[in-house]
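K.L.:
structure of the sequence below:
(one chain, ligands or ions: 3)
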Amino acid sequence: MNPNLIAEFEAILNGKYILTDEEAKAPYLTDWRKRYTGKALAVLLPANTSEVAAIVKVCAASNIAIIPQGGHTGFCGGATPDSSGKQIIINLKRMNQVRELDVANQTISLEAGCILQSIQEKAAEQGFLFPLSLGAEGSCMIGGNLATNAGGTNVLRYGNTRDLCLGLELVTAQGEIWNGMKGLRKDNTGYDLRDLFIGSEGTLGIITAAVMKLYPLPISQWTTLVATQDIGSTISLLNLFQKRATSLLTGFEMMTKESLALNQKHFPHMANPLKGNPPYTILIELSDHESEAHVKLLLETILEEAFDARLISDAVIASNLSQANSFWHMREHITLAQAEEGANLKHDITIPLSALDSFITETDRLIQTQYPGARIINFGHLGDGNLHYNIAPPPGIDFKAFNLVNEKPIHELVYKEVERCKGSISAEHGVGQLKLEGLRAHKGEVAHDLMKAIKKALDPQNILNPHKVISI
Ligand code: FAD
Ligand code: MLT
Ligand code: ZN
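P.N.:
Numbering: from 1, shown residues only. Ligands and ions are numbered 1, 2, ... in the order given. Predicted structure coming up:
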């Protein structure tokens with residue numbers, strides 16, 4: 001270890017932005033789910049891209065591994081260091097400036113440490129929508145969103161974070177700065193570096209800034225909760241909305257009875273307004289730039305059609321913004337209710353819509369047969385085929401004891417079904433350290449070897465987030 005390392009960092013950053021004290025480092029060392037706790041030599045808080053580049057150069061010269069970190073809300077342990085105490089964390093929270101909001105180009109240029117919610121607010125002040133939206137938006141950062149290619153609740157209409165990004169600025173593993181901050185909607189000049197770095201979870205480069213797309217702010221939005229009895233009719237309902245509402249459909253989220261029971265247990269004020277505790281509660285949102293009346297009429301017409309076709313058995317349309325928000329809170333609180341309940345086994349998966357019925361029916365059956373009484377907490381962004389298919393032990397059984405014995409076989413069971421249905425083992429949360437092991441089998445030899453070759457070419461010293469996503 002280079003004995004002058006900290007002194008070299010001090011030549012770049014004011015000492016108060018180099019955290020070496022155990023107490024000061026602690027908040028950066030444990031992930032949101034409290035699944036991973038690591039150690040770090042230091043946590044560095046740079047204020048600009050040049051400082052990030054200079055730090056990386058020092059680390060490259062001394063072969064020190066770097067863990068890039070944003071809001072540390074990720075679910076796969078990607079931003080948590082290992083237990084060696086030899087890695088450093090670069091947290092980008094001080095890089096939180098909006099560089100430019102280009103009204104004519106409908107883009108916003110931002111530093112990586114901007115908090116997602118603050119970007120949405122900044123855009124709204126100018127009459128724009130920044131559509132990326134997820135439960136952690138009050139603390140996750142755009143650099144982290146890009147690095148994980150985050151999804152969330154608006155993907156159905158606006159795509160993943162990748163689809164919202166036009167340009168990137170980043171620091172390579174050698175400490176070079178790549179400036180790709182162009183707000184172009186067309187640019188076919190060779191390999192797409194931007195898309196290579198998006199979703200690479202800090203293993204190929206450190207994102208320092210980005211140019212993101214903006215959209216006109218919708219003027220009318222209607223939100224409804226509907227009850228369905230089975231997944232087959234839920235998919236038919238989605239198809240009906242896709243056909244009749246087309247691009248006005250901006251949200252289609254699914255919550256099972258068991259997911260909402262967990263909400264009720266931990267947040268009793270969050271009652272489902274639908275009658276009789278239905279098997280599936282679906283949250284649907286339509287947004288438009290025309291009058292409120294136009295969208296409401298469309299929503300009512302589609303719901304009537306759905307009732308006539310027996311796709312739904314009950315519906316409540318939010319009568320005002322506060323009720324619409326309460327519907328969304330109910331959906332978002334499932335994650336928090338699960339965290340309160342215990343460390344459930346998470347599966348963030350995507351399945352083609354045509355195979356969802358078969359996946360859920362068969363996987364539910366297998367879980368119930370092999371793990372009698374286990375609770376299936378299934379909810380998610382159904383419009384994208386993205387399920388959060390999570391498993392908790394039977395009531396009264398200790399989470400730790402249950403997971404110790406059953407974690408591996410349950411993951412294997414669920415992922416085998418995902419493969420049968422030609423789905424993905426990570427829809428939106430990424431790979432990090434959580435899914436590192438399963439990646440080779442899931443991607444196949446050729447894809448896995450190509451990924452390895454890319455990692456080796458861009459980071460031959462393996463100093464950027466080593467043993468996350470891929471091991472070389
Ligand atoms: P971090 O957790 O800090 O980092 C995540 C990964 O990105 C790590 O590998 C890290 O090394 C890397 N990274 C971070 N910043 C950079 C950078 N500047 N350059 C390079 N690499 C970097 N995710 C969804 O997709 N959809 C959801 O609906 C959703 N809902 C959530 C709800 C809750 C309540 C919580 C706690 C999380 C949720 N997440 C969701 C997961 C998480 O919020 C996202 O993955 C988010 O994009 C992570 O951003 P972050 O800034 O916290 O990144
Ligand atoms: C969500 O959709 O609420 C998030 O991805 C969080 C989760 O999976 O719990
Ligand atoms: Zn999600």
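K.L.:
let me know whether the helix or strand hosting residue 287 sits next to ligand 1.
P.N.:
Applying DSSP states H and E as the criterion places residue 287 in strand 280-288. No: Strand 280-288 stays clear of ligand 1 (C-beta under 6 Å from any ligand atom), getting no nearer than 13.2 Å. Using the backbone N, CA and C atoms, a C-beta is placed for each residue, glycine as well.
K.L.:
what's that strand packed up against?
P.N.:
strand 220-228, helix 231-245, strand 249-256, helix 257-266, helix 292-308, helix 321-341 (3 or more C-beta pairs under 8 Å, 6 or more residues apart in numbering; DSSP states H and E).
K.L.:
what's the spacing between it and its chain's center?
P.N.:
Distance, stretch centre to chain centre, for strand 280-288: 20 Å (C-alpha atoms, centre = their mean, to the nearest Å).
K.L.:
quick check: angle from it to helix 321-341?
P.N.:
If you take axes from the mean of the first three to the mean of the last three C-alpha atoms, to 10 degrees, strand 280-288 sits at 140 degrees to helix 321-341.
K.L.:
rewinding a little: could you export the helices and strands packed on strand 280-288 as TSV, including mean pLDDT?
P.N.:
Listed next are these as TSV, based on pLDDT from 0 to 100:
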stretch	mean pLDDT
strand 220-228	97
helix 231-245	98
strand 249-256	98
helix 257-266	96
helix 292-308	95
helix 321-341	96
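K.L.:
out of those, which gets nearest to residue 66?
P.N.:
Smallest distance to residue 66 across these (C-beta to C-beta): 28.5 Å, for helix 321-341.
K.L.:
in the helix or strand of the chain with the lowest mean pLDDT, what counts as buried?
P.N.:
Between all helices and strands in the chain, the lowest mean by mean pLDDT, DSSP states H and E belongs to helix 436-443, at a mean of 92. Neighbour counts using 16 or more other C-beta atoms under 10 Å place 436, 439-440, 442-443 of helix 436-443 among the buried residues.
K.L.:
ligand 1 contacts on the stretch 1-150 of the chain?
P.N.:
So the stretch 1-150 of the chain meets ligand 1 at 32, 67-75, 78-79, 92, 112, 134-136, 140-141, 143-145, 147-148, 150 (C-beta under 6 Å from any ligand atom).
K.L.:
change it to 5 Å
P.N.:
32, 68-74, 78-79, 92, 112, 134-136, 140-141, 143-145, 147-148, 150 (C-beta under 5 Å from any ligand atom).
K.L.:
for the stretch 1-150 of the chain, which segments count as helices?
P.N.:
Taking DSSP state H, counting those that start in this stretch as the test, the helices found in the stretch 1-150 of the chain are 5-10, 22-25, 49-62, 116-125, 142-148.
K.L.:
now mean neighbour count and mean pLDDT too, for these, in TSV please.
P.N.:
Shown next, in TSV, are the helices of the stretch 1-150 of the chain (neighbours: other C-beta atoms under 10 Å; pLDDT from 0 to 100):
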stretch	mean neighbour count	mean pLDDT
helix 5-10	15	97
helix 22-25	12	98
helix 49-62	20	98
helix 116-125	17	98
helix 142-148	30	99
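K.L.:
check contacts around residue 147.
P.N.:
68, 70, 78, 198-202, 207 (C-beta atoms under 8 Å, 6 or more residues apart in numbering).
K.L.:
ok, back up a step: between the helices and strands packed on strand 280-288, which gets nearest to ligand 2?
P.N.:
Ligand 2 lies closest, by C-beta to the nearest ligand atom, to one member of the helices and strands packed on strand 280-288: helix 321-341, at 3.4 Å.
K.L.:
give me the contacts around the closest one.
P.N.:
Here helix 321-341 has contacts from 33, 135, 153, 221-225, 253, 255, 259-260, 262-263, 265-267, 270, 272, 283, 285, 318, 344, 377, 379, 388, 390, 392, 399, using C-beta under 8 Å, 6+ apart.
K.L.:
for residue 71, the count of nearby residues, please.
P.N.:
23 (other C-beta atoms under 10 Å).
K.L.:
let me see the contact set for it.
P.N.:
Neighbours of residue 71 in contact, by C-beta under 8 Å, 6+ apart: 93, 115, 136, 139-141, 144.
K.L.:
and if you look at residue 472?
P.N.:
Residue 472 is in contact with 452, 455-456, 462, counting by C-beta under 8 Å, 6+ apart.
K.L.:
same check on residue 231?
P.N.:
Counted by C-beta under 8 Å, 6+ apart, residue 231 has contacts 280, 356-357, 360-361.
K.L.:
sort out for me which of those are in helices.
P.N.:
356-357, 360-361 (DSSP state H).
K.L.:
check those for burial and list the buried ones.
P.N.:
Among the ones in helices among the contacts of residue 231, those classed as buried by 16+ other C-beta under 10 Å are 356-357, 360.
K.L.:
ok, so of the residues you listed, who is nearest residue 104?
P.N.:
For these, the nearest to residue 104 is residue 356 (41.6 Å; C-beta to C-beta).
K.L.:
wait, which of the helices and strands packed on strand 280-288 is closest to residue 172?
P.N.:
With C-beta to C-beta as the criterion, residue 172 lies closest to helix 321-341 of the helices and strands packed on strand 280-288, at 34.3 Å.
K.L.:
hmm, the closest one touching ligand 1?
P.N.:
Yes: counting by C-beta under 5 Å from any ligand atom, contacts between helix 321-341 and ligand 1 involve residue 335.
K.L.:
so what does residue 214 have for phi and psi?
P.N.:
With angles defined as degrees, to the nearest 10, residue 214 sits at phi -120, psi 160.
K.L.:
tell me how far the residue nearest to it when sequence neighbours are not counted lies from residue 106.
P.N.:
Leaving aside its sequence neighbours, residue 214 sits nearest to residue 128 (C-beta to C-beta, 6 or more residues apart in numbering; 3.9 Å). Between residue 128 and residue 106 the computed distance is 7 Å (C-beta to C-beta, to the nearest Å).
K.L.:
same thing with residue 147?
P.N.:
Following C-beta to C-beta, the distance that separates residue 147 from residue 106 is 24 Å.
K.L.:
and residue 383, by the same measure?
P.N.:
24 Å.
K.L.:
who has more neighbours, these two?
P.N.:
residue 383 (24 against 17).
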